[in-house]
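K.L.:
I'll drop the sequence and a predicted model, then ask my questions.
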Amino acid sequence: MRYAVILAGGGGTRLWPASRAARPKHLLPLGPDGASLLAATARRVAPWRTLVVTAASQVDAVRAELVGVRSDDILVEPVGRNTAAALGLAARALVARDPDAVLAAVPADHHVADESAFRAAIDTAMTAAETDDVIATIGIAPRTPHTGFGYLEVGADRGDGTREVIRFVEKPDADTARRYVASGRYLWNSGMFVLRAARLCDELRRHMPQTWAALEAGTDEAYAAAPSISIDYGVMERTDRVVTVPADFGWHDVGAWSALSEVAPADDRGNAAIGNLVAIDAADNAVYTDDGIVVLVGVEGLCVVRAGDAVLVVPSDRAQDVRAVVDRLRASGRTDYL
């Protein structure tokens, strides 16, 4: 049987101050028609039986967003240990139910414009996983030389809708990103991949024995002692079974406020907003407000966020630096703002 596994445990610190511990990024109303990113993700994967992996502190909020998901399909991490452990938790649960299960791992906090094209790409990846026991990533045709995404260098066409993956590449600098896009040999790494649940268990057992031992122990204490490692570092960059499905369905990871124009309507001067905005002689700004009104006069290229007890103003080209604000607040003990 085919399944979708939604990863819904992160905090999304780059979207502070709207995204906080009590209301992480995937619960923000950044989806179509004011839906949360999590609810939009669940709608996209509705054709498949859905499991959700989330943090203990987020269970009630996740259940409220996903009223159609069965309670036994919500798996709870006792403590966050990154995506390798979270997906291992889901894979073991699926193998116990269905030894032939194929899963599509999808983050809860991404934006997809074309849901039909998304489902077609996932179906292609699922077929490849079932037929050849490969790990099929979803590679996105790059629209710009983006420095905020990892890349996949791709090789030969395998004739089944997939291509070989030569290597994973970390987030590049601007010049390198331009070369990648110009070459036509690179895709954005979307962080989505598809494989048999049993294959994921085998890969964890081989490449991440500490994590696998913690999962087999099955206790909260063992899970908490597992290393915090992403599935990309722990498995994907070490295995020789990776292929990719090239796709283009309007994907964005919404990793910074500068990406708001990807998910929110914009006026004729490029001001994208969620919430109440008045813009006078202003252009190319991104605005989010969960209450009241934001007024911009004579400014360009800013991200302005008004959320709860905090206001953020940052140039769009520095939006990736918002994570440093969270680090500074945590280091100074001002955790009441987190």
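P.N.:
Yes, it's here. Everything numeric here is computed off the predicted structure, so don't read it as measured data. Numbering: from 1, shown residues only.

K.L.:
how about the host helix or strand of residue 314: buried residues?
P.N.:
Using DSSP states H and E, residue 314 sits in strand 310-315. The neighbour-count check on strand 310-315 (16 or more other CB atoms under 10 Å) flags 312, 314 as buried. Placement of C-beta: from N, CA and C, glycine included.

K.L.:
what residues of the helix or strand immediately after that strand in the chain count as buried?
P.N.:
Downstream of strand 310-315, the first helix or strand assigned by DSSP H and E is helix 322-331. For helix 322-331, burial by neighbour count (16+ other CB under 10 Å) applies to 322-323, 325-326, 329.

K.L.:
now the angle from the strand holding residue 314 to helix 322-331?
P.N.:
Here strand 310-315 points in a direction 140 degrees away from that of helix 322-331 (axes from the mean of the first three to the mean of the last three CA atoms, to 10 degrees).

K.L.:
which strands or helices does strand 310-315 pack on?
P.N.:
strand 302-307, helix 322-331 (3 or more CB pairs under 8 Å, 6 or more residues apart in numbering; DSSP states H and E).

K.L.:
what sits up against the longest helix seen in the chain?
P.N.:
Using DSSP state H to define each element, the chain has its longest helix at helix 115-132. With contact meaning CB atoms under 8 Å, 6 or more residues apart in numbering, helix 115-132 is reached by 2, 4, 43-45, 47, 102, 104, 112, 134-138, 158, 160-162, 192-196, 199, 243, 245, 247-251.

K.L.:
chain center to it, what's the gap?
P.N.:
18 Å (CA atoms, centre = their mean, to the nearest Å).

K.L.:
do the same with stretch 251-260
P.N.:
Distance of stretch 251-260 from the chain centroid (CA atoms, centre = their mean) equals 10 Å.

K.L.:
endpoints of it, how far apart?
P.N.:
End-to-end distance for stretch 251-260: 13 Å, by CA to CA, to the nearest Å.

K.L.:
buried residues, that stretch. List them.
P.N.:
Buried residues in stretch 251-260, counted by 16+ other CB under 10 Å: 251-260.

K.L.:
redo the residues you listed as TSV? Include distance to residue 296, pLDDT and secondary structure.
P.N.:
What follows is the buried residues of stretch 251-260, written out as TSV (distance: CB to CB, whole Å; pLDDT from 0 to 100; DSSP: H, G, I helix; E, B strand; the rest coil):
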residue	distance to residue 296	pLDDT	secondary structure
251	29	96	strand
252	23	93	strand
253	26	92	coil
254	21	92	coil
255	23	90	coil
256	19	93	coil
257	14	96	helix
258	15	94	helix
259	18	93	helix
260	14	94	helix
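
K.L.:
can you map out the helices along the stretch 1-150 of the chain?
P.N.:
37-44, 59-65, 82-97, 115-132 (DSSP state H, counting those that start in this stretch).

K.L.:
same thing with the stretch 151-300 of the chain?
P.N.:
Going by DSSP H, counting those that start in this stretch, the stretch 151-300 of the chain shows helices at 174-183, 197-207, 209-217, 220-225, 231, 260-263.

K.L.:
output the fourth one as CSV, nothing but the C-alphas.
P.N.:
In CSV, the C-alpha atoms belonging to helix 220-225 read as follows (Å, rounded to 0.1, in the frame of the first residue of the first chain):
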residue,chain,number,x,y,z
ASP,A,220,11.5,7.8,25.3
GLU,A,221,14.9,7.7,27.0
ALA,A,222,16.5,5.9,24.1
TYR,A,223,14.9,8.2,21.5
ALA,A,224,16.1,11.3,23.4
ALA,A,225,19.7,9.9,23.4
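
K.L.:
which strands and helices lie in contact with it?
P.N.:
Against helix 220-225 (3+ CB pairs under 8 Å, 6+ apart) you get helix 209-217.

K.L.:
what is the helix it packs on packed up against?
P.N.:
helix 82-97, helix 197-207, helix 220-225.

K.L.:
quick one: which of those is nearest residue 71?
P.N.:
Proximity to residue 71 (CB to CB) singles out helix 82-97 among the helices and strands packed on helix 209-217, at 13.4 Å.

K.L.:
give me the residues contacting the closest one.
P.N.:
Contact with helix 82-97 is made by 3, 5, 7, 9, 51, 53, 75, 77, 80, 101, 103, 105, 197-198, 200-201, 204, 208, 211-212, 214-215, 223, 226, 228-235, as judged by CB under 8 Å, 6+ apart.

K.L.:
which one of the helices of the stretch 151-300 of the chain is the most hemmed in?
P.N.:
helix 231 (a mean of 25; mean count of other CB atoms under 10 Å).

K.L.:
gap between it and the chain center?
P.N.:
The answer for helix 231 is 12 Å, by CA atoms, centre = their mean.

K.L.:
repeat that for stretch 228-239.
P.N.:
Counting by CA atoms, centre = their mean, stretch 228-239 comes out at 15 Å from the chain centroid.

K.L.:
the closest residue to residue 302 other than its chain neighbours and residue 271, how far apart?
P.N.:
Spatially, and ignoring its direct neighbours in sequence, residue 302 is nearest to residue 285 (4.9 Å; CB to CB, 6 or more residues apart in numbering). Using CB to CB, to the nearest Å, we find residue 285 at a distance of 5 Å from residue 271.
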